[in-house]
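Chemist: Mind looking at a prediction? Sequence and model below.
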Amino acid sequence: DIQMTQSPSSLSASVGDRVIITCRASQTIGSYLNWYQQKAGKAPKLLLYGASTLQSGVPSRFSGSGSGTDFTLTISSLQPEDFATYFCQQSFSSPRTFGPGTKVDIK
Amino acid sequence: EVQLVESGGGLVQPGGSLRLSCAASGITVRTNHMTWVRQAPGKGLEWVSVIYSGTSTYYADSVKGRFTISRDNSKNILFLQMTSLKAEDTAVYYCARAWDYFSGMDVWGQGTTVTVSS
């Protein structure tokens, strides 16, 4: 099975900050990497798929990059509604494993 | 409106069984890749099982041999039959759909809670 890791596990940031979250796969997964945002008590929301394709309706301040084993999620200017937990997930092979998550909270 | 609605969660004793349902509207379960994902209290997301638009199914090692994913095409419902339940199966269970074999999951249900406890 492919293992996914994320860093950092949590971070504190201010509105307007640029935030970068990294995700690493234990083996190459091409560009089959997805990012989700989850707020407390809610279902996850797909932000990006294929490592860098923005899901419809997602603000352009979110962007993704990477291929192979190393990926990043960037929030260019953090907004109040972005405080949440972010998960990466590989969709290269089953089981479609998730990373452990990165919690973004208010500094 | 595209919607997934889970049901069937509840309190069950260790060793017991439960069947979760996920009723779909606005999408066709048969032609999408339908997944169950769970989240234990205070923990991250765990991928549980998928049934592809063909008939292939896959399971996480943690549930293999105990859980069975299936669908009723005529009723447009996804199921997760859970047997030999353990305390560590306690979680919110979400159903979700992927529109493509390699895509992410863009439609999620609200989740149903399963608690395994004596």
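Modeler: Thanks, I have the structure now.

Chemist: can we go C-alpha only for contacts and neighbour counts from here?
Modeler: Noted.

Chemist: Using just helix, strand and coil, how would you label the nearest residue to residue A:86 once chain neighbours are set aside?
Modeler: Computed as CA to CA, 6 or more residues apart in numbering or on different chains, the closest residue to residue A:86 that is not its neighbour in sequence is residue A:37, at 4.6 Å. The three-state assignment at residue A:37 reads strand, by DSSP: H, G, I helix; E, B strand; the rest coil.

Chemist: got any ranges where chain B has weak pLDDT?
Modeler: In the prediction, chain B carries no residues with pLDDT under 70.

Chemist: what about 90?
Modeler: Residues of chain B meeting the criterion pLDDT under 90: B:54-55, B:101.

Chemist: relative to its centroid, which residue of it is most remote?
Modeler: Going by CA atoms, centre = their mean, the residue of chain B most distant from its centre is residue B:118, 23.0 Å out.

Chemist: Looks like that one contacts residue B:85 (just checking).
Modeler: No. With contact defined as CA atoms under 8 Å, residue B:118 does not reach residue B:85; the gap is 11.3 Å.

Chemist: shared neighbours, those two?
Modeler: By CA atoms under 8 Å, 6 or more residues apart in numbering or on different chains, residue B:118 and residue B:85 have these common neighbours: B:13-14.

Chemist: So which residue is dead centre in the chain?
Modeler: Looking at chain A here, since you left the chain open. residue A:35 (3.8 Å).

Chemist: ah, no, chain B please
Modeler: Centroid-nearest residue in chain B: residue B:36, 3.0 Å away (criterion: CA atoms, centre = their mean).

Chemist: mind checking how far that one is from chain A?
Modeler: The gap separating residue B:36 from chain A is 11 Å, by CA to the nearest CA, to the nearest Å.

Chemist: Wait, that residue touches residue B:50, no?
Modeler: Yes. Using CA under 8 Å, residue B:36 is in contact with residue B:50, at 6.4 Å.

Chemist: ok, the residue nearest to the centre of chain A - contacts?
Modeler: If a contact means CA under 8 Å, 6+ apart, then residue A:35 has A:46-49, A:51, A:73, A:86-89 as its contacts.

Chemist: again, only using 7 Å
Modeler: Shown in contact with residue A:35 (CA atoms under 7 Å, 6 or more residues apart in numbering or on different chains): A:46-49, A:86-89.

Chemist: which of these has the most neighbours?
Modeler: Neighbour counts for these, by other CA atoms under 10 Å in any protein chain shown, peak at residue A:88, which reaches 33 neighbours.

Chemist: what about residue B:89, neighbour count?
Modeler: 20.

Chemist: For it, which non-adjacent residue is spatially closest?
Modeler: residue B:116 (6.7 Å).

Chemist: any idea how far the one you found lies from residue B:42?
Modeler: When distance is defined by CA to CA, to the nearest Å, residue B:116 is 16 Å away from residue B:42.

Chemist: between those two, which one's more packed in?
Modeler: When residue B:116 is set against residue B:42 and neighbours are counted by other CA under 10 Å, the residue ahead is residue B:116, at 20 against 8.

Chemist: For residue 23, name its beta-bridge partners.
Modeler: In the absence of a named chain, this looks at chain A. Note on residue A:23: beta-bridge partners by DSSP bridges are residue A:6, residue A:71.

Chemist: ah, no, chain B please
Modeler: residue B:5, residue B:77.

Chemist: Many thanks, I have nothing further to ask.
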